[in-house]
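Student: Test case, fold it:
(chains A, B, C and D)
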Protein chains: 2
Amino acid sequence: MATSRAGAADKRQMILDAAVVAFAERGFHACRVSDVADEANVAYGLVYHYFRSKDEILDTLFVERWNILLAFISQTGQLDVPPREKLHAISAAIIDFYRYDPALMKVIIVEVMRSANSFGLRHVDLIAEAYALIGEIVAKAQDAGTFKREVSPRFAALAFYGAIEQVLTGWIFGMLPEGEEEYEQAKRSIVETICGGLDEVGGVPRPTAASSG
Amino acid sequence: MATSRAGAADKRQMILDAAVVAFAERGFHACRVSDVADEANVAYGLVYHYFRSKDEILDTLFVERWNILLAFISQTGQLDVPPREKLHAISAAIIDFYRYDPALMKVIIVEVMRSANSFGLRHVDLIAEAYALIGEIVAKAQDAGTFKREVSPRFAALAFYGAIEQVLTGWIFGMLPEGEEEYEQAKRSIVETICGGLDEVGGVPRPTAASSG
DNA sequence: CAGGAAATTGACTGACCAGTCAATCCGGGA
DNA sequence: TCCCGGATTGACTGGTCAGTCAATTTCCTG
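Tutor: Numbering: from 1, shown residues only, chains lettered A, B, ... in the order given. This is a model prediction of the structure:
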């Protein structure tokens, strides 16, 4: 059987993949470890061979994916492009993460990011790092005169991420129409809303590339 | 004892008040019904005399408070003032709700609003109503030419509420400094960020090409 | 092919807790 | 004073699951 053919190390990954499906479907709390094992076509006990606890599975899922995101944001921050483009790249990356793997993103958003009580609390530092990186982009743009100073970088980061999270949550729970068009629309709207409020408008006419359409 | 002096109907309220404290302290899931009963100085079973289930307690807390908020938002929408002021009034009201009763607001935000999985799902309609009301304010402002049309009212409402929720969450979990000054600052920043991006700036649809001199 | 370590299995345990219920209390009306 | 019905009590039940562990299989090594 292909299943049992899989090497040992693969089993761990199979369990992680199954966990994404199971957690996304029933929610972390309502999901039993046996659900994960079943989904992975693996015996109950094997889950505990690879993971110390149910919690550790979710932690692993989150940390792995979040670090990729952090690396991308950090990288984007270094780019030599207008801040508006940086923010667009970030919102696009997050939304594409969701488009590419809705179940995983659902789990991360719903069970970690929006559950500051339990798992979010354990990862505040990782989450705060994302805020900080976005804040840096804003601060740099303020120094360059591209963004106005009325709103603190920290707050701008909050609002930016807040908009993204609301949109994702809307999709996840079917409260917002979903589709290729909506994804692209959202990427644009997020940046438009936030930057419209951050862009220096009256004072310094910064060359934010009047070319781009 | 003042406690036992309380009339029968008051007991129900005592349980609700105790639930706020208990849920806020330990989180709804981690909080046992016995914790609520203890906090209320009441026997375990009495909780079930007044409420059908643990869930019903949370539902009651949410619905009561949320309806007050909805009424306020609806009322504010009717006012004959600039949209920016309306939005400020709304963000101020929500933040003041939090200032006045942090525990209750914490429970509502953390256990209902941010738990779309469980309780949020049961109250989507009530939550959606808030979005709709805010969206109406934006739409009206767009018709009046005060807000630009790049961003749909629905999305604007999302971003607006998203910013508020992020700030509240930041306070609730101690990730953001808190205090009178910060409350006022936040009310202003939320509106400034969002409206800056919604306000029609110079009659120019695209501020990118903002006039220089 | 023997030996053993790592992988795999799934029945079982221990703890937890929402919700039930029979018993008791208490205030007020006859 | 007696009686009734609602208020109040808290021990108990039933069901759920995370996590354990001894037994079994698989597979590599010599």
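
Student: okay, CA-based contacts and neighbour counts for the rest of this
Tutor: Fine.

Student: Please determine whether the helix or strand where residue A:58 lies lies in contact with DNA strand D.
Tutor: Counting by DSSP states H and E, the element that carries residue A:58 is helix A:54-78. Yes - applying Cα under 7 Å from any atom of the strand, one finds helix A:54-78 touching DNA strand D at A:54-55.

Student: How about that helix and chain B, touching?
Tutor: No - shown here: helix A:54-78 not in contact with chain B (Cα under 8 Å from any Cα of the partner chain), separated by at least 15.0 Å.

Student: what is the orientation angle of whichever helix or strand comes after that helix with helix A:54-78?
Tutor: Sequence-wise, the next helix or strand downstream of helix A:54-78 (DSSP H and E) is helix A:83-100. In terms of direction (axes from the mean of the first three to the mean of the last three Cα atoms, to 10 degrees), helix A:83-100 departs from helix A:54-78 by 150 degrees.

Student: and stretch A:76-95, which residues are buried?
Tutor: If you call a residue buried by 16 or more other Cα atoms under 10 Å in any protein chain shown, then stretch A:76-95 has these buried ones: A:76-77, A:83-84, A:86-95.

Student: which residues are in contact with that stretch?
Tutor: Here stretch A:76-95 makes contact (Cα atoms under 8 Å, 6 or more residues apart in numbering or on different chains) with A:69, A:72-73, A:133-134, A:136-138, A:141, A:146, A:164, A:168, A:183-184, A:187-188, A:190-191, A:195, A:208-209.

Student: Looks to me like residue A:46 is in a helix.
Tutor: Yes - assessed with DSSP: H, G, I helix; E, B strand; the rest coil, residue A:46 lies in a helix.

Student: who's in contact with it?
Tutor: residue A:37.

Student: Return the per-residue confidence for it.
Tutor: Residue A:46 is assigned 98 on the pLDDT scale.

Student: Residue A:3 too?
Tutor: Looking at residue A:3, its pLDDT reads 36.

Student: cool, and residue A:7?
Tutor: You'll see residue A:7 listed with a pLDDT of 61.

Student: Alpha carbons of the one helix or strand residue A:158 maps to, as PDB, please.
Tutor: Assessed by DSSP H and E, residue A:158 sits inside helix A:153-172. Below are the C-alpha coordinates for helix A:153-172, written out as PDB (Å, rounded to 0.1, in the frame of the first residue of the first chain):
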ATOM      1  CA  PRO A 153       3.600  53.100  12.800                       C
ATOM      2  CA  ARG A 154       2.500  50.700  15.500                       C
ATOM      3  CA  PHE A 155      -1.100  51.700  15.000                       C
ATOM      4  CA  ALA A 156      -0.800  51.600  11.300                       C
ATOM      5  CA  ALA A 157       0.400  48.100  11.500                       C
ATOM      6  CA  LEU A 158      -2.500  47.200  13.700                       C
ATOM      7  CA  ALA A 159      -5.000  48.600  11.300                       C
ATOM      8  CA  PHE A 160      -3.400  47.000   8.300                       C
ATOM      9  CA  TYR A 161      -3.300  43.600   9.800                       C
ATOM     10  CA  GLY A 162      -6.700  44.100  11.200                       C
ATOM     11  CA  ALA A 163      -8.200  44.700   7.700                       C
ATOM     12  CA  ILE A 164      -6.500  41.600   6.400                       C
ATOM     13  CA  GLU A 165      -7.700  39.400   9.200                       C
ATOM     14  CA  GLN A 166     -11.300  40.600   8.900                       C
ATOM     15  CA  VAL A 167     -11.300  39.800   5.200                       C
ATOM     16  CA  LEU A 168      -9.800  36.300   5.800                       C
ATOM     17  CA  THR A 169     -12.300  35.700   8.600                       C
ATOM     18  CA  GLY A 170     -15.100  36.800   6.300                       C
ATOM     19  CA  TRP A 171     -14.100  34.300   3.700                       C
ATOM     20  CA  ILE A 172     -13.400  31.500   6.200                       C
END
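
Student: what's it packed up against?
Tutor: On a contact count with 3 or more Cα pairs under 8 Å, 6 or more residues apart in numbering or on different chains; DSSP states H and E, helix A:153-172 meets helix A:83-100, helix A:124-143, helix A:180-198, helix B:153-172, helix B:180-198.

Student: of all the ones you listed, which gets the most neighbours per residue?
Tutor: Greatest average neighbour count among the helices and strands packed on helix A:153-172 goes to helix B:153-172 (a mean of 23), per mean count of other Cα atoms under 10 Å in any protein chain shown.

Student: How far does that one sit from its chain's centre?
Tutor: In terms of Cα atoms, centre = their mean, to the nearest Å, the centre of helix B:153-172 is found 9 Å from the chain centre.

Student: Among the helices and strands packed on helix A:153-172, which comes closest to DNA strand C?
Tutor: Closest to DNA strand C of the helices and strands packed on helix A:153-172 is helix B:153-172 (Cα to the nearest atom of the strand; 22.6 Å).

Student: residue ranges with poor pLDDT in chain A?
Tutor: A:1-9, A:197-213 (pLDDT under 70).

Student: how about a cut-off of 90?
Tutor: A:1-10, A:116-121, A:144-146, A:148-150, A:196-213 (pLDDT under 90).

Student: what's the residue closest to the geometric middle of it?
Tutor: residue A:94 (5.0 Å; Cα atoms, centre = their mean).

Student: Please report the distance of residue A:81 from DNA strand C.
Tutor: Residue A:81 is 47 Å from DNA strand C, where distance means Cα to the nearest atom of the strand, to the nearest Å.

Student: With DNA strand C in mind, check whether the helix holding residue A:58 reaches it.
Tutor: No - between helix A:54-78 and DNA strand C, judged by Cα under 7 Å from any atom of the strand, nothing touches; the nearest distance is 13.5 Å.
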